[in-house]
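K.L.:
Next come a sequence and a model predicted from it.
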Number of protein chains: 2
Amino acid sequence: MTVELISVGTELLLGNIINTNANYLSVECAKLGLSMYHQVTVGDNEARLCEAIKTALERSDIVILTGGLGPTSDDITKEAVARVIGRRLVMDEHSRERILDYMNRIMVQNRTVPKELAKITENNWKQVLKVEGSIVIDNENGSAPGYIIEDNNKIIFLLPGPPVEMIPMFEGGMLPYLKKLQDKVFISRMVKICGIGESTAETMILDLIEKQGNPTIAPYAKGGEVHFRITASADNEDDALKLINPILDEMYSRFGINIYSVDEKETLEEAVVKLLKKHNLTIVTAESCTGGLLAGKIVNVPGASDVLKEGLITYTNEAKMKYLGVKPGTLDAYGAVSEQTAREMAEGALRQSGCDVSIAVTGVAGPGGGTPEKPVGLVYIACGISDKVFISERHFKGSREKVREYSVTAALDLIRRSIIDVYG
Amino acid sequence: MTVELISVGTELLLGNIINTNANYLSVECAKLGLSMYHQVTVGDNEARLCEAIKTALERSDIVILTGGLGPTSDDITKEAVARVIGRRLVMDEHSRERILDYMNRIMVQNRTVPKELAKITENNWKQVLKVEGSIVIDNENGSAPGYIIEDNNKIIFLLPGPPVEMIPMFEGGMLPYLKKLQDKVFISRMVKICGIGESTAETMILDLIEKQGNPTIAPYAKGGEVHFRITASADNEDDALKLINPILDEMYSRFGINIYSVDEKETLEEAVVKLLKKHNLTIVTAESCTGGLLAGKIVNVPGASDVLKEGLITYTNEAKMKYLGVKPGTLDAYGAVSEQTAREMAEGALRQSGCDVSIAVTGVAGPGGGTPEKPVGLVYIACGISDKVFISERHFKGSREKVREYSVTAALDLIRRSIIDVYG
């Protein structure tokens, strides 16, 4: 089946916001095995929106519209769909109750909402109208309902624009509906790899990619990591897994320790925190060029406080000596960006904190500060575990922000590899 | 004039990458005063791409295509445009020289490029063909050239997909071309506001927004900040500024210190670093719930090492006592998330570092750890300057990551306000 997205909103055409909804829905539709050939963005203009809906219904089986369901007169998506398919808008008692309840809750609980928003204004009642014969999907995070409309062998989804409302409604309402439509189930696993470049990784499984059928193998690149999604379709979940597992085994045998997860939702920092918890280890960070970004990444994992106790941002040589006991002689002889300094930072952080694991990063993030011997992008990372120190020397390309982002990924990866080396 | 975007690439339809190009080009076109009514995304399929180009040329004056200019057989944008407008592809000697030179440089300088990419393969020569009569735009960051084609009173732009190639080519090649087309110049200023919510900010200038004409006033919301773009069109820059300046003055008089910049490219952290440098001040960070993100944000500003000397991530009570001298009695009596602890963190960081300014953050980021008295989202921020401590108590809503992001913005804002308070 084919699916088409229509994103509605003048704010998209003006660039006020990035269309992350299109990306989210593309991924979800691909996972369901739906073929997407067109994505269209139009503004809050009835003629152009109607035209886009008409065109989409001619060429696609499923049309997903996001945005334009709010209470203002600019919000015309529901009205445009009703006009194109020739149906009336009728009162939806259920939504009336729910919106009344929602607005009351907002008013009572959330005193930070400005008064003018917390009022149930006349135009809020526009949201209680539905296209006749449509299935209503409740919105737990806003007032506008979503809708599923079956018409003339086509299916139309209407979803609100804000991702915080749209995503739960898609997952809770549209996804189960779409899954029921399929005679096959689609199961996917995400092989997440770190420490190998994208083109090298693709080359390593080129034969698998070239002969792919069911399952499919799709690469996704993401700031220093490479992900491959393996998707199989079958009559049931067991059969789909029987198709996926041999590919997974093959990928494990080729990529080995470079794979940090096969769970779609697990991030590298989550895998690292999980590994630390598994071995009951605490960690301390000592950052120069990443200036706190590495600790900040780890801290974003819920429950990180069980493992991350403290961190030191030692941007200057003075701070490296004061907090980490880096020797003046080391800084003089080798410089702040050197294997030796990284090693002493990692050792000093262990001593100072009493933690089980330390991770230290020192490098030239640029744009200034590079020399022929120590160019912008040169980064030393050291991971200390009891009396061992693991060192990684990396050369990154790109802007100051890119060098930092890649450094953080490489540091997380070094923690992971070092723990596996020591603890198995 | 109307403009339409066509983003080409199956990777967009599969959701492998987010379409940030559409956002970038929407903003640029809006700044030029061009009207954008449609954005379309299609895959690497000739029939559907040709159809999209035909439709766009019927309804829009300018069509911008991004993606599909690479060397592989999947890359068909140039071929599709040539077919739709009925022109031949011809050899472009200039691009041949440039690509040869570019590939040689890549091979010599960049030994990290895998061999298979650094070879000048047969299909690279596909990139030296141009649509007959087109203007070639050189690519400084990749091999694929861009093109401007004038046809039948329409203008077609072809740009490569990777933003790192596309953006400089748009700025260097397309933008001057578009500006020449306009009989008017468009000048804009971005009023960047921090410390006031979006709806409050809009309410404060509702009268200006409602009576807008030339200049226009467009709001952009961005993680704890509110931006308003003021755009005026006139015969020349001076006249445009004469239209903008009274609005700017009015906004300054209404928002006052809440405006941190009117420079499109200046971020809040850049404004803070600039302010620190202006008064020749150094800064130290002491972070609990933000865990290094605040220091990481400051460090992302080039030249930050002149002002940020060190930072302490004191996630545990032990670390707060050890590095910052927070008193056990304070932690016992008021807890780690309290005005008193934030104050002692800021005071301790000043003492410990010898810096001129300190900024301390402690809060409940969630999802766990909240209590009725200290709910998730409660954050205390303290800024110490010599013997003064400025305190801000904030209540943020949203996920762990959102609470952190807003906390970082609020901390940067407090640094700014505190320095202005002390140093004027």
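P.N.:
Perfect, thanks for sending it. Numbering: from 1, shown residues only, chains lettered A, B, ... in the order given.
K.L.:
Do I have it right that A:Met103 meets A:Ser143?
P.N.:
Yes - here A:Met103 reaches A:Ser143: they are 6.8 Å apart, a contact under Cβ atoms under 8 Å. (C-beta placed from N, C-alpha, C; glycine too.)
K.L.:
which one of those two has more residues nearby?
P.N.:
Under the criterion of other Cβ atoms under 10 Å in any protein chain shown, the comparison of A:Met103 against A:Ser143 puts A:Ser143 first, with 21 against 18.
K.L.:
where does the nearest residue to that one once chain neighbours are set aside land on pLDDT?
P.N.:
Nearest residue to A:Ser143 in three dimensions, chain neighbours excluded: A:Ile99, at 5.1 Å (Cβ to Cβ, 6 or more residues apart in numbering or on different chains). Listed pLDDT for A:Ile99 reads 83.
K.L.:
what's the neighbour count on A:Ile99?
P.N.:
23.
K.L.:
what secondary structure does it sit in?
P.N.:
With DSSP: H, G, I helix; E, B strand; the rest coil as the basis, the three-state label of A:Ile99 is helix.
K.L.:
right, and it touches A:Gln127 too?
P.N.:
Yes - between A:Ile99 and A:Gln127 a contact is recorded at 6.0 Å, counting by Cβ under 8 Å.
K.L.:
joint contacts of these two?
P.N.:
Here A:Ile99 and A:Gln127 share the contacting residues A:Ser143, A:Pro145, scored by Cβ atoms under 8 Å, 6 or more residues apart in numbering or on different chains.
K.L.:
Might you list the low-confidence residue ranges for chain A?
P.N.:
A:106-124, A:221 (pLDDT under 70).
K.L.:
Can you tell me what sits against stretch A:194-201?
P.N.:
Stretch A:194-201 is contacted from outside by A:193, A:204, A:219, A:221, A:224-226, A:228, A:255, A:258, A:260, A:268, A:409-410, A:412-413, A:416-417, B:114, B:116-117, using Cβ under 8 Å, 6+ apart.
K.L.:
Can you get me the start-to-end distance on that stretch?
P.N.:
Stretch A:194-201 has its terminal residues 10 Å apart, counting by Cα to Cα, to the nearest Å.
K.L.:
What are the buried residues along that stretch?
P.N.:
Of all the residues in stretch A:194-201, those buried under the rule 16 or more other Cβ atoms under 10 Å in any protein chain shown are A:Cys194, A:Gly195, A:Ile196, A:Glu198, A:Ala201.
K.L.:
Turn these into JSON lines, columns for secondary structure and distance to B:Leu208.
P.N.:
Formatted as JSON lines, the buried residues of stretch A:194-201 follow (DSSP: H, G, I helix; E, B strand; the rest coil; distance: Cβ to Cβ, whole Å):
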{"residue": "A:Cys194", "secondary structure": "strand", "distance to B:Leu208": "50"}
{"residue": "A:Gly195", "secondary structure": "coil", "distance to B:Leu208": "53"}
{"residue": "A:Ile196", "secondary structure": "coil", "distance to B:Leu208": "54"}
{"residue": "A:Glu198", "secondary structure": "helix", "distance to B:Leu208": "48"}
{"residue": "A:Ala201", "secondary structure": "helix", "distance to B:Leu208": "53"}
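K.L.:
Can you tell me which of these is nearest A:Tyr380?
P.N.:
A:Gly195 (16.2 Å; Cβ to Cβ).
K.L.:
Look at A:Gly311 and give its secondary structure.
P.N.:
Criterion first, three-state DSSP; result for A:Gly311: strand.
K.L.:
State the distance from it to chain B.
P.N.:
Separation of A:Gly311 from chain B (Cβ to the nearest Cβ, to the nearest Å): 3 Å.
K.L.:
coming back round to it: return the members of the contacts of stretch A:194-201 classed as buried.
P.N.:
A:193, A:204, A:219, A:221, A:224-226, A:228, A:255, A:258, A:260, A:268, A:409-410, A:412-413, A:416-417.
K.L.:
quick one: which of these sit in strands?
P.N.:
Secondary structure defined by DSSP state E assigns A:Ile193, A:Pro219, A:Ala221, A:Glu225, A:Val226, A:Phe228, A:Tyr260 of those to strands.
K.L.:
Would you list the phi and psi of A:His38?
P.N.:
Dihedral angles of A:His38 (phi, psi; degrees, to the nearest 10) stand at phi -140, psi 140.
K.L.:
Tell me which residues touch it, please.
P.N.:
Counted by Cβ under 8 Å, 6+ apart, A:His38 has contacts A:Glu4, A:Leu5, A:Ala56, A:Arg59, A:Ser60, B:Val40, B:Thr41, B:Val42, B:Arg48, B:Ala52.
K.L.:
Tally up the residues packed near the closest residue to A:Gly172 other than its chain neighbours, please.
P.N.:
The shortest distance from A:Gly172 to any non-neighbouring residue, by Cβ to Cβ, 6+ apart, is to A:Ile137 (7.3 Å). The number of residues packed near A:Ile137 is 20, by other Cβ under 10 Å.
K.L.:
show me what contacts A:Ile137?
P.N.:
A:Pro145, A:Gly146, A:Tyr147, A:Ile148, A:Leu159, A:Met169, A:Gly172, A:Gly173, A:Met174.
K.L.:
Am I right that the third one falls within a strand?
P.N.:
What that stands for is A:Tyr147. Yes - checked against three-state DSSP, A:Tyr147 lies within a strand.
K.L.:
Quick check: beta-bridge partners of it?
P.N.:
According to DSSP bridges, the partner residues bridging A:Tyr147 are A:Val136, A:Leu158.
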